[in-house]
Every structure is written in C-alpha cells, then in structure tokens.
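Undergrad: only the shape, not the letters, is given here:
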C-alpha cells in the first residue's frame, strides 16, 4: 500500500507549534516511506476562515521547509484541496447515504434540541438525540419539506455501532454504541460538519494514514461509522499527544510564543524548530538530540512516538537553536541576520560573536560594541600608552598582530594578565566583557574602514584623551 498522508489546517490564523509538530510528523512519515504529503485546507468555518489566514499557514509551512506534493496551490489528482470548494462531492455522498436509509432529515429546532439536552442532563441520561425525526413517515417528511421547514441531516448509528481501532500510537481503542447518539452530517444552513467532510475527503484523496492531534480521537467513532456505511476502506489512525507548557497545562500564549511565525520573528531557525518539535514525543532510540532532516527521515517511525504528553521547554529550544547557529558558517548566517540587523562588515562580525548568541535577533546586541562606543573611565597614563602604540605601530589586523601589541603594551606599562587586558578591553570596546580581543580588535579596525559610522580603535582611545 502506498503511503498518502495529509495535514489539514483550519485557516484561522498563524500555524500553532502543535499543528506544526503534527505537520512535521506527517511529512517525516511520508518521506520515510517514499509516500505523498498533502495539504488540505479545512475552511468550512466561514465565520473564521479566510484566504489571508490560509496564506499565512502555508507561508509558515514553507518557512519550516515542509514542501507538499499536493495542495491548494500545488494542485494534484484529487483537487480541489479546499473543503469550501468540495461541496458538490459532499452532496453526492449525502444523497447516497439517504438512499441507503443511513442518513435522514432532522427538523428539530435548536431550541427544541437544547430543551431535550437539558432534560436528559436533569434525568441523568446521556444527551443523545431521541430519534424523533428518524421515526417520521415519508408523508410527514414530505409535509414538512412542503412547508419549507429547515432541516439538518443526521447519521443513524446502527445496532452494530461499536467501533475498535488499532491506533498506531495508542494501541487498541474501543467505543461502544451507547456512547454515541445519531449525529449531524449537514447543518440546517447547508454546511457539512467536520466529521463528515474529513471522511469524504480522506477517502477521495486516498489517505492511507491519518496522523493528527489526540484531541481528534473523540471524533474517530463517528468517522469510522461513516466509512463503514459507505463500504470504504478505513485508514490507519495515529493520534499524537498534546504539547504542554512547563506547568503541564495545554500550551497557550501565557507560556510565551506559540506560533511558528512568532518564533521566526524572534530569530529561531527553521531547521532548529523542525529538530526540536520532532523531539517532542519522538525518539530515534539513540542518545541524540541534534540531527538534520535526513537523519529524521531515515529513522522516523510512529512506533517510537510516545503517547504521553510532551512538555515544551523554551530554554532547551533556545539552547538547540544556538547549537545550529554556532555550527553555521558566517556566510550562511549573514542573509538571515541581515533581516534583523545589517552592516557592510556584518559577515566578519557574525564570525566573531556567533558562539555567544542563541537567536538571530541577538546579533545586534552582541555587536553593539562595534556600532556604539561610550568612553569609559580609564587611567590617562594607560590611554596615552595605548594611543602611542596604535599611532606608532598601527591597529593590528589579525590575532598575531594583537598578541604582538599586547607584548609591547606589557613592556610599556608594566601591566600584565587581567590588569592589562581589562583596561585594554574597556578602552577599545567601552565594555568589560565581550569576544576575545584577538578577534574584536581586528573587527573594529575593519569595520571602521568600510563603515564611517564606526570609530576605529585609535579614534576611540583619542576620545579618552580629550
């Protein structure tokens, strides 16, 4: 059987990290098996779904590098890939279900249904539909239709309505018929429900495996019954656990950033995010936390996905992102950092400070010693000795030159070790901490030569002598 999986976002805003993790698992599963990864937009919620939101979700997926094989923009053999454009397909299936006597019209108003629900709760009964409209005769139905009485379409749960699935993450899960009443397929406004659309779409698109969040597990009973009623093959299900915050509640905005786009704006790398979200609930079985996509594709399997909730640790993600930054060449980082901060000397600056940052947005602050200079309090005698050194021998442009300068300053001032390097750092950078001087001093000189807004080391020292 060929593997065909789908990620089906509702376009109501940017992609949440929980949805991103589900998309990643689908993408990895498809790539591991040489299968097909599909994007299907579930936009039947007309009040909240917009094309603008759809574009945002697709942009977030592209940023993550999750290229799809079929989708609303890519097309494919099972187009269209937006539910709002598939109404004719749903209508065809509803007619067949009605012809088989499995679906029926329900004329009960919302007020009537609410009153029945409250009565059932008061009597301690499950709030299942009481089958009033299922028992209507053909004549009664015709009479109500002739009066233009609004109606929904319900699915009648059969006597053999027990459902058992072998979830690829959770194992065997069973629902009893008694846990479910006849449910709505099409609302009275003509809009099909999620549980109906998703089954029709997954069948039509030949989905082999449904990998989705565990919050959809409760929908599975209804969906399997629809598959059975239509005599369709049932896909394998795999329900992925929730992502929790550090307080072990469902991840939300109170825990910090939760959307993919916000993490991109905060300076995280897509490869680091794919790596970290893959780790939330999955393990290759090896003690390995940093890996590329090729490794994840090769080793990914659903039987190594944990059914327990995963905890999102912002500090660990920050650390992991830093590892990716530290391993990258400055030339590769430059265009990424330039989105947040740019300068003609940026590539050299990145190379000097990259091991001190964990996010792309931190390069500006890490390189602030180049872009701005506040004259510190330095003993005039040391400043004069340093100015004389720079005027006589010039500013060193490499590590060997800096070491030679330090030796001459040591002899000229009688200072050594910390007593020499601390005032030297303060005099040249205005700060008492930062990158190694053997790299910082050549950077300052180069930056001043190609950027008039940057003071050269000599110009900085001369400000101390005014």
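TA: Happy to help now that I have it. Fair warning: this is a prediction, and the values are worked out from it, not measured in the lab.
Undergrad: for the least confident helix or strand in the chain by mean pLDDT, packing partners?
TA: When the helices and strands of the chain are compared on mean pLDDT, DSSP states H and E, helix 110-122 comes out lowest with a mean of 88. For helix 110-122, there is no helix or strand it packs on, judged by 3 or more C-beta pairs under 8 Å, 6 or more residues apart in numbering; DSSP states H and E. All C-beta atoms are positioned from the backbone trio N, CA, C, and that covers glycine.
Undergrad: what comes up buried for that helix?
TA: For helix 110-122, burial by neighbour count (16 or more other C-beta atoms under 10 Å) applies to 113, 116, 120.
Undergrad: quick check: of these, which lies closest to residue 355?
TA: Nearest to residue 355 among those is residue 113, at 63.1 Å by C-beta to C-beta.
Undergrad: run the chain-centre distance for the helix or strand harbouring residue 212.
TA: Taking DSSP states H and E as the definition, residue 212 sits inside strand 209-213. Between the centre of strand 209-213 and the centre of its chain there are 16 Å (C-alpha atoms, centre = their mean, to the nearest Å).
Undergrad: that one pairs with which strands?
TA: The partner list of strand 209-213 in its sheet, established with DSSP bridges, is strand 236-240 (parallel).
Undergrad: list the contacts of the strand it pairs with.
TA: Outside strand 236-240, the residues within contact range by C-beta atoms under 8 Å, 6 or more residues apart in numbering are 21-22, 25, 165-170, 208-214, 216-217, 220, 281, 302, 305.
Undergrad: now do stretch 394-406
TA: The list of residues contacting stretch 394-406 from outside it, by C-beta under 8 Å, 6+ apart, reads 389, 393, 420-421, 424, 437-439, 441-442, 444-446, 456-458.
Undergrad: quick one: which of those is nearest residue 350?
TA: The shortest approach to residue 350 among these belongs to residue 439, at 11.7 Å (C-beta to C-beta).
Undergrad: from what I see, that closest one and residue 352 are in contact.
TA: Yes - Residue 439 is in contact with residue 352 according to C-beta atoms under 8 Å; the separation is 4.7 Å.
Undergrad: quick one: which of these two has more around it?
TA: Set side by side, residue 439 and residue 352 give different neighbour counts by other C-beta atoms under 10 Å, the larger being at residue 352 (24 against 18).
Undergrad: thinking again about what came up before, return the set of buried residues in the strand holding residue 212.
TA: Those buried within strand 209-213 under the rule 16+ other C-beta under 10 Å are 209, 210, 211, 212.
Undergrad: doesn't residue 22 make contact with the last one?
TA: Yes - the pair residue 212 / residue 22 is scored as a contact, 6.1 Å apart, by C-beta under 8 Å.
Undergrad: and the contacts of stretch 394-406, which are buried?
TA: Applying a neighbour-count criterion of 16+ other C-beta under 10 Å, the buried members of those are 389, 420, 424, 437-439, 441-442, 444-446, 456-458.
Undergrad: and the two most separated of those residues?
TA: Considering C-beta to C-beta, no two members of these lie farther apart than 420 and 446, which are separated by 23.4 Å.
Undergrad: who's in contact with stretch 104-117?
TA: Here stretch 104-117 makes contact (C-beta under 8 Å, 6+ apart) with 98, 127, 129-130, 132-134, 136, 141, 144-145, 149-154, 156, 182, 184.
Undergrad: same thing but at 7 Å, please
TA: Judged by C-beta atoms under 7 Å, 6 or more residues apart in numbering, the contacts made with stretch 104-117 from elsewhere in the structure are 127, 130, 132-134, 141, 144, 149, 151-154, 156.
Undergrad: pull out the buried members of those.
TA: The neighbour-count test (16+ other C-beta under 10 Å) applied to the contacts of stretch 104-117 identifies 130, 133, 141, 144, 151, 152, 153, 154, 156 as buried.
Undergrad: ok, the nearest residue to residue 290 once chain neighbours are set aside to residue 313 distance?
TA: Leaving out its chain neighbours, the residue that sits closest to residue 290 by C-beta to C-beta, 6 or more residues apart in numbering is residue 323, at 5.7 Å. From residue 323 across to residue 313, the span is 14 Å (C-beta to C-beta, to the nearest Å).
Undergrad: next SSE downstream of the least confident helix or strand of the chain?
TA: Beyond helix 110-122 in the direction of the C-terminus, DSSP H and E gives the next helix or strand as helix 138-146.
Undergrad: what residues of that next one count as buried?
TA: Within helix 138-146, the residues that count as buried by 16+ other C-beta under 10 Å are 141, 144.
Undergrad: now do whatever helix or strand comes next after it, average pLDDT.
TA: Using DSSP H and E, the next helix or strand after helix 138-146 towards the C-terminus is strand 152-155. Averaged across strand 152-155, pLDDT comes to 97.
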